[in-house]
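Q: Just need the structure, nothing else, for what follows:
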Amino acid sequence: MEIIVMELRRELEKKDVTDMGVIIAGALLPHPPIMVPEIGQEDVEKVRKTVNAARQVATYINKYKPDTIIIISPHGPMFRNAVGISRIPALCGNFSRFGAPETALEFANDCKLALRIGGQCEKKGIPVVNIDEESAQRYRLSVELDHGALVPLYYLRDAGFKGEIVYLSVGMLEYRQMEMFGVAVQEAVRLSVKRVVVVASGDLSHRLDAGAPNGYSPRGKEFDELVLTAVRDNSLHLLHRLSPELVEEAGQCGLRPIFFLLGALAGIKTKVELLSYEAPFGVGYAVAIYKPFLDAKGGAV
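A: Sure, this is the predicted structure:
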């Protein structure tokens, strides 16, 4: 792997700024399967704000024709001490767990970019498990896209996206490491020639009312309000100020993906729009779009 890092370093030194890859957008999207019409059917109306905002994000992203979408899910193969990077050439999945097996998605994996991300992670000391057929068999993992990835990708495909993806999964690493995972992605994108979108899939507190799946906690609302402020302000500083007790009490799955997303956008001048937030089932669903300022040649300002 050291050889890969040296090759990447030499490649970056040779690059002209005009042929660097660029992150053209970022997004935070939730993943309740009920927001997929084939699953939710008439109940889709209960998450109408979220659906409309997701469609808005997908339309914006596809307007700029990304080559690759990098998506991180909190429900993919998860390790206590490492993040996951899929190396499966064809990434597919369906909603059979939710009663809609006929609703399936398939994308080509941007394996070259996935390799670059792995190389940058090694450079930063971020532990990675490459998910391929061999490691999946060894760890007894599924190589299919999980619903945390499938739900956002459903809307992106529906808006016309036909490019490649990179499929990442969170690890139970410290938040600072998840942030640096995002930074590694930003660096890997710059080493490519791709126009890339980074998507964080995640829900906020699962404890917002008495009917919530994890039961009610008054601190769930406090958590969501603080995270929404951090998302809106694009502030890693605010995220790092969350107390471990509050995070534990909130019962959430989105915090690590959000750390990752803001790490991927760190240092990039960006306009943030928090498009929607609702919690119809006691779980917080937030949708936000991050729009980096690009120069006339499409590079980050």
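Q: Find the residue at the geometric middle of this protein.
A: Nearest to the geometric centre of the chain sits residue 200, at 2.2 Å (Cα atoms, centre = their mean).
Q: which residues pair with that residue across the strands?
A: For residue 200, the beta-bridge partners under DSSP bridges are residue 28, residue 72.
Q: Could I get the contacting residues of it?
A: Applying Cβ atoms under 8 Å, 6 or more residues apart in numbering to residue 200 gives the contacts 26-29, 72, 254, 257-258, 260-261. C-beta here means a position set from N, CA and C on the backbone, and glycine is covered the same way.
Q: can you do 7 Å?
A: Residue 200 sits next to 28, 72, 257-258, 260-261 when contact means Cβ atoms under 7 Å, 6 or more residues apart in numbering.
Q: which among these gets closest to residue 233?
A: residue 258 (12.3 Å; Cβ to Cβ).
Q: Please tell me how far the closest residue to the closest one other than its chain neighbours sits from residue 220.
A: Spatially, and ignoring its direct neighbours in sequence, residue 258 is nearest to residue 200 (5.6 Å; Cβ to Cβ, 6 or more residues apart in numbering). Using Cβ to Cβ, to the nearest Å, residue 200 is found at 20 Å from residue 220.
Q: repeat for residue 97
A: Applying Cβ to Cβ to residue 97 and residue 220 gives a distance of 25 Å.
Q: And the two? Which one has more around it.
A: The residue with more neighbours, out of residue 97 and residue 220, is residue 220; 27 against 13, by other Cβ atoms under 10 Å.
Q: now the more buried one: how far from residue 26?
A: Taken as Cβ to Cβ, the span from residue 220 to residue 26 is 25 Å.
Q: do the same with residue 218
A: The value you get for residue 218 to residue 26, if Cβ to Cβ is used, is 31 Å.
Q: cool, residue 113 as well?
A: For residue 113, the distance to residue 26 equals 16 Å [Cβ to Cβ].
Q: next one: residue 59
A: Distance, residue 59 to residue 26, by Cβ to Cβ: 16 Å.
Q: Endpoint to endpoint, stretch 23-42 covers what distance?
A: Length of stretch 23-42, first residue to last, Cα to Cα, to the nearest Å: 36 Å.
Q: Pull out the buried residues from that stretch.
A: Judged by neighbour count (16 or more other Cβ atoms under 10 Å), stretch 23-42 contains these buried residues: 23-36, 39-40.
Q: pLDDT (mean, whole number) over that stretch?
A: In this model, stretch 23-42 has a mean pLDDT of 97.
Q: swap in stretch 232-249?
A: On average, the pLDDT along stretch 232-249 is 97.
Q: Now tell me what touches it from outside.
A: 175, 179, 217, 219, 222-223, 226, 229-230, 255, 258-259, 262, 265, 270, 272, 274.
Q: Narrow those to those that are buried.
A: Buried members of these, scored by 16+ other Cβ under 10 Å, are 175, 179, 217, 219, 223, 226, 230, 255, 258-259, 262, 265, 270, 272, 274.
Q: Max pairwise distance over these: which two?
A: Greatest spatial distance in the buried ones among the contacts of stretch 232-249: 217 and 270, 32.1 Å, computed using Cβ to Cβ.
Q: tell me which residues in stretch 57-68 are buried?
A: 57-58, 60-62, 66-68.
Q: now, which of those lie within helices?
A: 57-58, 60-62 (DSSP state H).
Q: what's the distance between the residue nearest to the centre of the chain and residue 150?
A: From residue 200 to residue 150 the distance is 15 Å (Cβ to Cβ).
Q: now residue 164
A: 16 Å.
Q: who has more neighbours, the two?
A: Per other Cβ under 10 Å, whichever of residue 164 and residue 150 has more neighbours is residue 150, with 27 against 21.
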